[in-house]
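S.K.: Next comes the sequence, and after it the predicted model I'd like to discuss.
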Amino acid sequence: MSDNNDKLIRQRRSLSLAAGFWLISAALFLMAVLGLGRLTFIDWRDLRRAEHAVVLIEQLRLGMISAEMASRERGPANGVLGADAPTPRALGHSLNEARLRTDQAYAAFAQALGQVSGDDRHQSIGRQVDGFQAALHQARLRVDALSAQPLARREPEAIKAAVDGMVRLVRMLRPSIMLVMEDLQQDQPLLSSTVSSALLAAELRELTGQLGSLLTPALSRQTALSDDERLAIERMRGRIGQLRVLLTARVHVANGASAVRHAQERLERDYFGRAEALVRQVVQAGQTDGRYGLSTAEFAARYVPDMNAIIDMRDALLAEALQQGAALHLAQRRAMAVMLGMTGLHIALIVLGLYLMHRRVIRPLSRAAEALQAMKEDRYVALVAPVQGDEISAVFDGIADLQAQSRDRRALEAERDKLIERLRVQSSTDFLTSLPNRRAFFEAAEAEVARARRHGFGLVVLLLDVDHFKRINDALGHAVGDLALVALTEVLRQSVRQGDIAARIGGEEFVLLLSHCEREDGLRFAERLRQTVASTVVEVGSEHPPVRMTVSIGLADTQTHGMNLDLLMSRADHAMYGAKRAGRDRIEVAGPA
Ligand SMILES: Nc1nc2c(ncn2[C@@H]2O[C@H](COP(=O)(O)OP(=O)(O)OP(=O)(O)O)[C@@H](O)[C@H]2O)c(=O)[nH]1
């Protein structure tokens, strides 16, 4: 029993299945949300990077165009520096247009850089923007001041300084472009390789421009090249050659788009074919007699258009990078959409799974547990399975069977108990008079003797026997005898007090145990009883005359005979026979044994 109680207490202390389920559900849900949230965040970050890459490529494009325009501005600037003052109208006009283009390109670049603000790197870009604008202004002032002087008074060093000032401008743009490039390299290494090829093309454009500028002084003089000029030109051609190899290798390795390959073919044909041949021709002439057979303007008219192939190459590479960026962006958006869809589906599945688990397993199990618990207290809770035909419904069917069996068992037990009670009553009751029988009398009398012994009160035993009862039977029949016995029983019942015991212990033999009673009182009671019986007339129907009875009574008491039921009974019996012997219808008090 105590083992069972312990088990019950342990069960109550442990977490219930439903509470455990909610706890695990919450943990599972949280883990799913965190895990999927993290994956979604990674996809979102990649998407932002892809978006950002497109912005960076655009910045680089604008940066390269700014460098190109600054480089292009050198053409009309050189023209103005080579022409006598006042500057011819057409030259001045084309210089102004070139300057406007540089300004516009640079303004667009600076604005694009300004869009990405905040961190230190972009603050340093801001400083570089300011520095470039100041240098541009200075370089232009120098060109303007020099071109305002007559040609003859312009010192070659001053011209060189003015030209160098313009060349330096392009170099000044490089740090800003490289900062953006670094960002791109970090975010999208694949794209950065295409963009760095475009940077190589832009660099090539710059060097080819500078090569043109190196040839221009000798062409305008129409004299042979000086040693310094030849050295500078060869160096420049060497660097251009290196860039060509690098660019070709990159395009080859990257196996670029057809637009890039076409641009490269054009580059080989236009610049490295025609323009390079022109340069070779000029250099050869410059190494001998300086008879070039063409003026600066004629050289520029043939050389500069072929340089456009380099810009086309750069733009094709940039377009390719932008396309790659857009494809990457699209792929990331798709990945993001798929991830969001999967996340939603995942969470929905988890919620659905938990809901079904709760509805179909946890809640029915709790109900089953309640029903089983209630069955112990004889309460029968009806169970309806959420789904028919599954394991839970089988459990519910089993519980319903158990409930039915339990109900039947309880009913049988109740019936059995009633039967036992009836048998118990029957086994201790005389069937004719309904008085306690001999066995029941002794049981009750023993208990009363024990109580009297404990509390010290007295008892009196009266043993009654109907006088000549056989005669009534013989004369009037057994049935009349029975009626007489029932009438006598009624007299006895009405005579005794509550707490006294009246019983039938033989055929026409009765006993009374008077509680809290001493001998004298018992004797008075017996006398009254004897008289009552003697005066009782028993009507036994119209066929027979009424019956009268007398009784002989033997009296024993605890004061005289002690607290011993057997002794009291035998002494009372003895006294009763004494009364019979003495003539009947009398009372005999038993003397000490
Ligand atoms: N009708 C009826 N008679 C019973 C019952 N039990 C015992 N008897 C009868 O009671 C009579 C008892 O007779 P006896 O023992 O000879 O005694 P008695 O005739 O009463 O004479 P004394 O006792 O000597 O006065 C018998 O005839 C029994 O058959 C009963 O339940 N019903």
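M.R.: Thanks, I have the structure now.

S.K.: tell me which element the residue of the stretch 201-350 of the chain at minimum distance from the ligand is part of?
M.R.: Going by Cβ to the nearest ligand atom, the ligand is nearest to Ile350 of the stretch 201-350 of the chain, at 86.2 Å. All C-beta atoms are positioned from the backbone trio N, CA, C, and that covers glycine. Using DSSP states H and E, the element containing Ile350 is helix 296-357.

S.K.: Run through the neighbouring helices and strands of that helix.
M.R.: helix 17-82, helix 189-221, helix 258-269, helix 276-287 (3 or more Cβ pairs under 8 Å, 6 or more residues apart in numbering; DSSP states H and E).

S.K.: State the pLDDT value of Ala452.
M.R.: Ala452 is assigned a predicted lDDT (pLDDT) of 97.

S.K.: quick one, phi/psi of it?
M.R.: phi -60, psi -40 (degrees, to the nearest 10).

S.K.: Please apply the same query to Gly554.
M.R.: phi -110, psi 130.

S.K.: what about the stretch 101-250 of the chain, any weak spots by pLDDT?
M.R.: 115-122 (pLDDT under 70).

S.K.: same thing but 50
M.R.: The stretch 101-250 of the chain contains no residues with pLDDT under 50.

S.K.: Next: the chain.
M.R.: Checking the chain against pLDDT under 50 turns up 1-2, 9.

S.K.: how about the residues of it near the ligand?
M.R.: 432, 465-470, 473, 478, 481-482, 485, 507-508, 580, 584 (Cβ under 6 Å from any ligand atom).

S.K.: Turn the helices and strands packed on helix 296-357 into TSV, columns for mean neighbour count.
M.R.: Shown next, in TSV, are the helices and strands packed on helix 296-357 (neighbours: other Cβ atoms under 10 Å):
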stretch	mean neighbour count
helix 17-82	18
helix 189-221	21
helix 258-269	17
helix 276-287	16
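
S.K.: Redo these as a markdown table? Include distance to Thr296.
M.R.: Listed next are these as a markdown table, based on distance: least, Cβ to Cβ, whole Å:
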| stretch | distance to Thr296 |
| --- | --- |
| helix 17-82 | 7 |
| helix 189-221 | 5 |
| helix 258-269 | 24 |
| helix 276-287 | 11 |
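
S.K.: In space, what's closest to Pro76 - neighbours in sequence excluded?
M.R.: Distances taken as Cβ to Cβ, 6 or more residues apart in numbering place Leu95 nearest to Pro76, at 3.9 Å, with adjacent residues excluded.

S.K.: That neighbour contacts Ala77, correct?
M.R.: Yes: at 6.2 Å, Leu95 and Ala77 qualify as touching, with contact defined as Cβ atoms under 8 Å.

S.K.: Quick one: buried ones out of the residues of the chain next to the ligand?
M.R.: When the residues of the chain next to the ligand are checked for burial by 16 or more other Cβ atoms under 10 Å, the buried set is Asp465, Val466, Asp467, Phe469, Asn473, Gly481, Leu485, Glu508, Lys580.

S.K.: For the fifth one, list the residues it contacts.
M.R.: Residues near Asn473 by Cβ atoms under 8 Å, 6 or more residues apart in numbering: Val480, Gly481.

S.K.: Surely it is in a helix?
M.R.: Yes: under DSSP: H, G, I helix; E, B strand; the rest coil, Asn473 falls within a helix.

S.K.: any idea how far it is from Leu485?
M.R.: From Asn473 across to Leu485, the span is 10 Å (Cβ to Cβ, to the nearest Å).

S.K.: rewinding a little: any chance of the buried ones among the residues of the chain next to the ligand in CSV, plus secondary structure?
M.R.: Converted to CSV, those look like this (three-state DSSP):
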residue, secondary structure
Asp465, strand
Val466, strand
Asp467, coil
Phe469, helix
Asn473, helix
Gly481, helix
Leu485, helix
Glu508, coil
Lys580, helix
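
S.K.: closest to the ligand among these?
M.R.: Gly481 (2.4 Å).

S.K.: And for Tyr271, the neighbour number?
M.R.: Applying other Cβ atoms under 10 Å, we find 25 residues neighbouring Tyr271.

S.K.: meant to ask about Ala479, not that
M.R.: So Ala479, with other Cβ under 10 Å, has 12 neighbours.

S.K.: and it, how far is that from Leu317?
M.R.: For Ala479, the distance to Leu317 - Cβ to Cβ - is 136 Å.

S.K.: Asp378 too?
M.R.: Counting by Cβ to Cβ, the gap from Asp378 to Leu317 is 90 Å.

S.K.: Which of those two has more residues huddled nearby?
M.R.: Taking other Cβ under 10 Å, Asp378 and Leu317 do not tie; Leu317 has more neighbours (30 against 9).

S.K.: need the contact list for that one.
M.R.: Thr194, Val195, Ser197, Ala198, Ala201, Gly256, Val260, Ala263.

S.K.: and if we set it to 6 Å?
M.R.: Thr194, Ser197, Ala198, Val260 (Cβ atoms under 6 Å, 6 or more residues apart in numbering).

S.K.: For it, which non-adjacent residue is closest in space?
M.R.: Leu317 sits nearest to Ala198 (Cβ to Cβ, 6+ apart), 3.7 Å away.

S.K.: count of residues packed around Gln186?
M.R.: 11.

S.K.: which element is it on?
M.R.: Using DSSP H and E, Gln186 falls in helix 156-187.

S.K.: got the phi/psi numbers for Thr433?
M.R.: phi -110, psi -10.

S.K.: Next, the spatially closest residue to it that is not a sequence neighbour: secondary structure please.
M.R.: Distances taken as Cβ to Cβ, 6+ apart place Thr489 nearest to Thr433, at 4.1 Å, with adjacent residues excluded. State at Thr489, reduced to three classes by three-state DSSP: helix.

S.K.: how far away is the closest residue to His52 other than its chain neighbours from the ligand?
M.R.: Leaving out its chain neighbours, the residue that sits closest to His52 by Cβ to Cβ, 6+ apart is Asp187, at 6.1 Å. The gap separating Asp187 from the ligand is 119 Å, by Cβ to the nearest ligand atom, to the nearest Å.

S.K.: residues near Asp187, how many?
M.R.: Residues near Asp187, counting by other Cβ under 10 Å: 16.

S.K.: Touching, it and Arg49? I think so.
M.R.: Yes: contact criterion Cβ atoms under 6 Å: Asp187 and Arg49 qualify, at 4.6 Å.

S.K.: circling back to that earlier point, helix 258-269 and the helix holding Ile350, what's the angle between them?
M.R.: 160 degrees (axes from the mean of the first three to the mean of the last three Cα atoms, to 10 degrees).

S.K.: Following helix 296-357 in sequence, what is the next regular element?
M.R.: helix 363-376.

S.K.: Dump that following helix to PDB, restricted to CA.
M.R.: Extracted C-alpha coordinates of helix 363-376, given in PDB (Å, rounded to 0.1, in the frame of the first residue of the first chain):
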ATOM      1  CA  ARG A 363      -4.900  15.200 -25.700                       C
ATOM      2  CA  PRO A 364      -6.500  11.700 -26.200                       C
ATOM      3  CA  LEU A 365      -3.900  10.200 -24.000                       C
ATOM      4  CA  SER A 366      -4.600  12.700 -21.300                       C
ATOM      5  CA  ARG A 367      -8.300  11.900 -21.600                       C
ATOM      6  CA  ALA A 368      -7.600   8.200 -21.500                       C
ATOM      7  CA  ALA A 369      -5.600   8.800 -18.300                       C
ATOM      8  CA  GLU A 370      -8.500  10.800 -16.800                       C
ATOM      9  CA  ALA A 371     -11.000   8.100 -17.800                       C
ATOM     10  CA  LEU A 372      -8.800   5.400 -16.200                       C
ATOM     11  CA  GLN A 373      -8.400   7.500 -13.000                       C
ATOM     12  CA  ALA A 374     -12.200   8.100 -12.900                       C
ATOM     13  CA  MET A 375     -12.900   4.400 -13.300                       C
ATOM     14  CA  LYS A 376     -11.100   3.800 -10.000                       C
END
